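Asker: sequence and predicted structure below; questions after.
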Amino acid sequence: MNTTNALKTVFLLGLLSALLLVGGELLAGRQGLYFGLFLAVAMNFAGYFFSDKLALKMYRAQPVTPETYPNIWRRVAPMTENLCRRANIPMPKLWVIPDESPNAFATGRNPKHASVAVTEGILRLMEDNELEGVIAHELAHVRNRDILISSIAATIAAAIMFISRMAMYASMFGGGGGRDDDHRGGALGAIAMLILGPIAAMMIQMAISRTREFAADASAARYTGTPYGLASALQKLETYSKRIPMDASPATAHMFIVMPFGAGGALSRLFSTHPSTEARIARLMAMR
C-alpha cells in the first residue's frame, strides 16, 4: 500500500507538472509561464516556512508542557514519544486548541520543526487507543513529509491558476497573452485550457491530498501495530465533527485529520482534500 500511494503521488505530481508546462505555454507563452511559476514559488516558499506559525496562531493553539497542561502532557506525551521511536522521528512540539469540535493536525516543514495540535474536544471524546491512532496519523504526515508534497502541489496549481487568470485578462483587454510566435496554440485549445486548466489543477491537487491521507492512515496502523484504534477514532470523528463543526478556514482544511466542517455531496468530494471516512475505514480494516 505504501508503494502504491507513493507511485500515485508521483504520477499525480507529474500530471500536474505536465498541465503547467503544456497549458502554461499554450496560454501565456514561455515568458508568461516562467513568470507565473516564479510568483507561485515565491508565495508558497513563504507559506512553507511560516504556515506552521500562522496555523497555530489562527486556531489559538497553546503549547502543552508539563507546566502548562500537566494532565494533557501526562496522557499525550508518553504515547507520542513511543510512536516517534517507532517512526524514527524526533518528538514534535505538542499543542492544544481550545475548541470543542474533535480534530487534530500536524504542521512544520520537516520532522525537526514539527508540531502536533489536538483540540480539547478530541481529548474528551477519544479513548487512549483511539487518540494514539490519531496522533500516529499526524506523525505519519510528518514522517512522510506531506507538508513538503502539499507545498509543491500547491505551487504548481497556483502557477496554473495565475497563468490562466493572466491570459483571461489579456484576452479581455485585447492583448495577445504574451505568447511566442512560434508556440501559438490553436484558439480552441487555448480556450479549453483557460476554462478547464484551473479546474483540472485543483482536482489533481485534491487527489494528491487524498492519496496522502490514505498513506498516513496506513503508516499510523503500522506505528500502533493495529488499525482498530484509528478506525474507531475516524468513525467517532465523522459523527461528532458534524454535530460540532469547527470554525475553520478552507485554506487550512487539508491539515486536519477529518474535514473540520463536514463533507458535502458527491460533486464536492472531487474537490475535497480528504477521502470519505467510509473508504478510509475500509482500507484500514483490509490491513488486518
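Answerer: Arrived safely.
Asker: quick one, phi/psi of residue 118?
Answerer: Dihedral pair for residue 118: phi -130, psi 150, per degrees, to the nearest 10.
Asker: wait, doesn't it sit right on residue 79?
Answerer: No. Residue 118 lies out of contact with residue 79 (C-beta atoms under 8 Å); the separation is 11.5 Å. (Each C-beta comes from the backbone N, C-alpha and C, glycine too.)
Asker: now the common contact residues for these two.
Answerer: Jointly contacting residue 118 and residue 79 under the rule C-beta atoms under 8 Å, 6 or more residues apart in numbering are 131, 135.
Asker: show me the helices in the stretch 101-250 of the chain, by range?
Answerer: Assigned helices in the stretch 101-250 of the chain, in chain order: 120-125, 128-143, 146-172, 187-224, 228-243 (criterion: DSSP state H, counting those that start in this stretch).
Asker: out of these, which comes closest to residue 53?
Answerer: Evaluated over the helices of the stretch 101-250 of the chain, closeness to residue 53 peaks at helix 146-172, with 13.1 Å, by C-beta to C-beta.
Asker: who has more neighbours out of residue 118 and residue 79?
Answerer: The residue with more neighbours, out of residue 118 and residue 79, is residue 118; 26 against 17, by other C-beta atoms under 10 Å.
Asker: which residues touch that one?
Answerer: If you count contacts by C-beta under 8 Å, 6+ apart, then residue 118 has 76, 94-97, 103-104, 131, 134-135 around it.
Asker: among these, name the ones in strands.
Answerer: Residues from those lying in strands, with DSSP state E as the criterion: 94-97, 104.
Asker: can you redo those residues as JSON lines with neighbour count, pLDDT and distance to residue 233?
Answerer: Listed next are the ones in strands among the contacts of residue 118 as JSON lines, based on neighbours: other C-beta atoms under 10 Å; pLDDT from 0 to 100; distance: C-beta to C-beta, whole Å:
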{"residue": "94", "neighbour count": "21", "pLDDT": "98", "distance to residue 233": "17"}
{"residue": "95", "neighbour count": "23", "pLDDT": "98", "distance to residue 233": "18"}
{"residue": "96", "neighbour count": "21", "pLDDT": "98", "distance to residue 233": "17"}
{"residue": "97", "neighbour count": "23", "pLDDT": "98", "distance to residue 233": "17"}
{"residue": "104", "neighbour count": "25", "pLDDT": "97", "distance to residue 233": "9"}
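Asker: just those now: which is nearest residue 53?
Answerer: With C-beta to C-beta as the yardstick, the closest approach to residue 53 among these comes from residue 95, at 11.4 Å.
Asker: hey, what's the closest one bridged with?
Answerer: On the basis of DSSP bridges, residue 95 takes part in beta bridges with residue 63, residue 117.
Asker: out of the ones in strands among the contacts of residue 118, who's nearest residue 256?
Answerer: Lowest distance from residue 256 to those (C-beta to C-beta) belongs to residue 104, with 6.9 Å.
Asker: for the closest one, which non-adjacent residue is closest in space?
Answerer: Closest residue to residue 104 apart from its sequence neighbours, by C-beta to C-beta, 6 or more residues apart in numbering: residue 118 at 4.4 Å.
Asker: do you know the pLDDT at residue 184?
Answerer: Residue 184 is assigned a predicted lDDT (pLDDT) of 46.
Asker: how far away is residue 136 from residue 85?
Answerer: 12 Å (C-beta to C-beta, to the nearest Å).
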